[in-house]
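Student: Sequence and predicted structure are below.
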Amino acid sequence: MSGNGVKKVAEVAAKAGKAIDWEGMAKMLVSDEARKEFNTLRRTFEDVNHQLQTKFSQEPQPIDWDEDTKHEINAGIEIPKYVDTVTPQYKPKFDALLVELKEAEKESLKESERIEKELAELQEMKKNISTMTADEYFAKHPEVKQKFDDEIRNDNWGY
């Protein structure tokens, strides 16, 4: 319980003890055994009430955290220093992979530029294919014209 909660319990117990009419209840008892039990109940109540008012009504002592930190709990435990034995072993391999990655990146950028140009040419050709003549096509692709000329010269008509 917190300090305030215990104080409230002690105050309520004190008020309850004052509000009980012990003498009036004792007069109502008929047998000796009942009086004996009643007196035991009254003494027990007064003992508990006294304990609540004395022990639990006191302010708890504040914790001195500075004092607690002086007493190092783990003073006997020694934590070893971390020595990195893995990184030096793999550092050259990692650096080589980084260089290889940069070269691959440059090559992929060049390849993507080439593919983009080829795609633009194909889109242009697709747009103009219905109106394009063979001479216009051969002008853009001289290697195809050369292949056809070689086949005609060698009398190889693609059969």
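Tutor: Arrived safely.
Student: Return the backbone torsion pair for residue 59.
Tutor: With angles defined as degrees, to the nearest 10, residue 59 sits at phi -70, psi 140.
Student: where does the residue nearest to the spatial centre of the chain fall, helix, sheet strand or coil?
Tutor: Centroid-nearest residue in the chain: residue 82, 25.1 Å away (criterion: Cα atoms, centre = their mean). Of the three states, residue 82 takes coil under DSSP: H, G, I helix; E, B strand; the rest coil.
Student: same check, this time on residue 114
Tutor: Residue 114 ends up helix, using three-state DSSP.
Student: How many residues are close by it?
Tutor: 10 (other Cβ atoms under 10 Å). (C-beta placed from N, C-alpha, C; glycine too.)
Student: ditto for residue 104
Tutor: 10.
Student: same question, residue 52
Tutor: Residue 52: 19 neighbours (other Cβ under 10 Å).
Student: quick one: it from residue 12, how far?
Tutor: Noted for residue 52: a distance of 9 Å to residue 12, by Cβ to Cβ, to the nearest Å.
Student: thinking again about what came up before, quick check: phi and psi at the residue nearest to the centre of the chain.
Tutor: phi -80, psi 130.
Student: Quick one: distance of whichever strand or helix holds residue 89 to the chain centre.
Tutor: Taking DSSP states H and E as the criterion, residue 89 maps to helix 87-128. From the chain centre to the centre of helix 87-128 is a distance of 36 Å (Cα atoms, centre = their mean, to the nearest Å).
Student: helix or strand right after the lowest-mean-pLDDT helix or strand in the chain?
Tutor: Lowest by mean pLDDT, DSSP states H and E among the helices and strands of the chain is helix 3-19, with a mean of 67. Using DSSP H and E, the helix or strand that directly follows helix 3-19 along the chain is helix 22-28.
Student: So which residues make contact with that next one?
Tutor: 35, 38, 42 (Cβ atoms under 8 Å, 6 or more residues apart in numbering).
Student: The last one: what's it in contact with?
Tutor: The one in question is residue 42. Contacts of residue 42 by Cβ under 8 Å, 6+ apart are residue 22.
Student: Figure out the helix or strand that it lives in.
Tutor: Per DSSP H and E: helix 32-54 holds residue 42.
Student: Give me the buried positions along that helix.
Tutor: 49, 52, 53 (16 or more other Cβ atoms under 10 Å).
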